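Enquirer: show me how the following folds:
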Amino acid sequence: MKWENALKDYRHFLKIERGLSDNSIQSYELDIIKLINFLKVKSIAVSPLSISEEITQLFIYEVAKTHSARSQSRMISGLRGFFNFLIFEEYRRDNPMDLIESPKIGRKLPDTISVVEIDKLIAAIDLGKAEGERNRAIIETLYGCGLRVSELTELKISDLYFEEGFIQVTGKGNKQRFVPVSEYTRKFMEIYIHQVRVHQDVEKESSDTLFLNRRGKKLTRAMIFTIVKQLSQKAGIRKKISPHTFRHSFATHLLENGADLRAIQQMLGHESITTTEVYMHVDRSHLRQVMEEFHPRR
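Expert: Now for the predicted structure:
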């Protein structure tokens, strides 16, 4: 079996059997492609069925020179999953990644920004430009609903249930959830829809997509990153800010204001409460405040 065939079969497995999104599939693919390119550079002629632990170990040593411990760990996990798939399909009997240990990494706390900084970003938006109202609605939706960037770009007009106070979000693995939308966030979404989007020439395929570019097509993930980066520079915020920063800030600010962790988990679309628990470590001063306020021995 050739690498190209194995990769094609694995891609199909991830899409059909595991129901992963295109972005997740591309991440898994990239790890395997890096291994394939390494083999080409080193002139190592092995198939996915014959590659040994020694060769995969050499690859990880090479990766360690340029990648962080977290990236190495993710790559090892991804390759282990690929070879497990080959075992499951009875193409090979062993996993060459089984004895390769992932580097130890600390639990990375999510980056957040304050409400003041979010207001600065929004104030930096030029509402005199055609895309101004759209960009304000994008930032307010990212922060107000805690969406992933892919969830934002896939958001449909038909997903907006404003009368009920919710929006329907399609998350990882095409799993859908309902997220509350505040009157404040709703206001800016409606301004964009009724005052800007309604006057655009919209491509037929994007007729139900909420956020559009100037050509009436769905915005890309890269464009959302560019919008956030340009606004942070204009607002003079030196922190490294990405669209995901608003999601982290959404969760952190809810927790700081007394929201239940289980409710935050449901709004974020986390399968496990342990994923959400990372926000418990963000603001230790807040945890101390809770202890002093509520513990009977305070």
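Enquirer: ramachandran angles for residue 179?
Expert: Dihedral pair for residue 179: phi -120, psi 130, per degrees, to the nearest 10.
Enquirer: for residue 50, that is, sorry about that
Expert: The phi/psi pair for residue 50 (degrees, to the nearest 10) is phi -120, psi -10.
Enquirer: do the one 10 residues further on as well
Expert: When read as degrees, to the nearest 10, the backbone of residue 60 gives phi -70, psi -40.
Enquirer: so who does it touch?
Expert: Taking Cβ atoms under 8 Å, 6 or more residues apart in numbering as the criterion, residue 60 is in contact with 72, 75, 76, 100. Backbone N, C-alpha and C define where each C-beta goes, glycine included.
Enquirer: wait, doesn't the last one sit right on residue 73?
Expert: So the one you mean is residue 100. No - using Cβ atoms under 8 Å, residue 100 is not in contact with residue 73; the gap is 10.7 Å.
Enquirer: out of the contacts of residue 60, which are inside helices?
Expert: Among these, DSSP state H puts 72, 75, 76 in helices.
Enquirer: where does pLDDT dip in the stretch 51-200 of the chain?
Expert: 104-110 (pLDDT under 70).
Enquirer: which parts of it are helices?
Expert: Along the stretch 51-200 of the chain, counting by DSSP state H, counting those that start in this stretch, helices occupy 53-64, 69-88, 115-123, 132-145, 149-153, 183-195.
Enquirer: contacts for the shortest one?
Expert: This points to helix 149-153. Residues outside helix 149-153 that contact it (Cβ under 8 Å, 6+ apart): 21, 23, 138, 141-142, 169-171, 211, 218-221, 224-225, 242-244.
Enquirer: just give me the residue right at the centre of the protein.
Expert: The C-alpha lying nearest the average C-alpha coordinate of the chain belongs to residue 148 (Cα atoms, centre = their mean; 5.0 Å).
Enquirer: which residue is the nearest non-sequential neighbour of that residue?
Expert: Leaving aside its sequence neighbours, residue 148 sits nearest to residue 247 (Cβ to Cβ, 6 or more residues apart in numbering; 6.3 Å).
Enquirer: just checking, that neighbour touches residue 146?
Expert: Yes - the criterion here is Cβ under 8 Å, and residue 247 meets it with residue 146 at 4.9 Å.
Enquirer: overlap of the contact sets of the two?
Expert: Both residue 247 and residue 146 are contacted by residue 268, under the criterion Cβ under 8 Å, 6+ apart.
Enquirer: can you list the domains in this structure?
Expert: 3-88, 115-292 (automatic domain parsing).
Enquirer: could you dump the ones you listed into CSV with distance to residue 95 added?
Expert: Shown next, in CSV, are those (distance: least, Cβ to Cβ, whole Å):
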stretch, distance to residue 95
domain 3-88, 4
domain 115-292, 24
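Enquirer: excluding its backbone neighbours, what's nearest residue 77?
Expert: In space, residue 77 comes closest to residue 102 once its chain neighbours are excluded; the distance is 6.9 Å by Cβ to Cβ, 6+ apart.
Enquirer: from what I see, that neighbour and residue 72 are in contact.
Expert: Yes - taking Cβ under 8 Å as the definition, residue 102 is a contact partner of residue 72 at 6.9 Å.
Enquirer: pull out the buried residues from the contacts of helix 149-153.
Expert: 21, 138, 141-142, 169-171, 211, 218-219, 224, 243-244 (16 or more other Cβ atoms under 10 Å).
Enquirer: can you list the buried residues in stretch 75-82?
Expert: Applying a neighbour-count criterion of 16+ other Cβ under 10 Å, one finds 75, 76, 78, 79, 80, 81, 82 buried in stretch 75-82.
Enquirer: what's the answer for stretch 260-280, then?
Expert: Neighbour counts over stretch 260-280 (16+ other Cβ under 10 Å) mark 264, 265, 267, 268, 269, 270, 276, 278, 279 as buried.
Enquirer: what do you get for stretch 121-140?
Expert: For stretch 121-140, a neighbour-count test (16+ other Cβ under 10 Å) marks 121-122, 124-125, 131, 133-140 as buried.
Enquirer: what is the nearest of these to residue 37?
Expert: residue 138 (35.8 Å; Cβ to Cβ).
Enquirer: I'd like to know how far the closest one sits from residue 152.
Expert: 7 Å (Cβ to Cβ, to the nearest Å).
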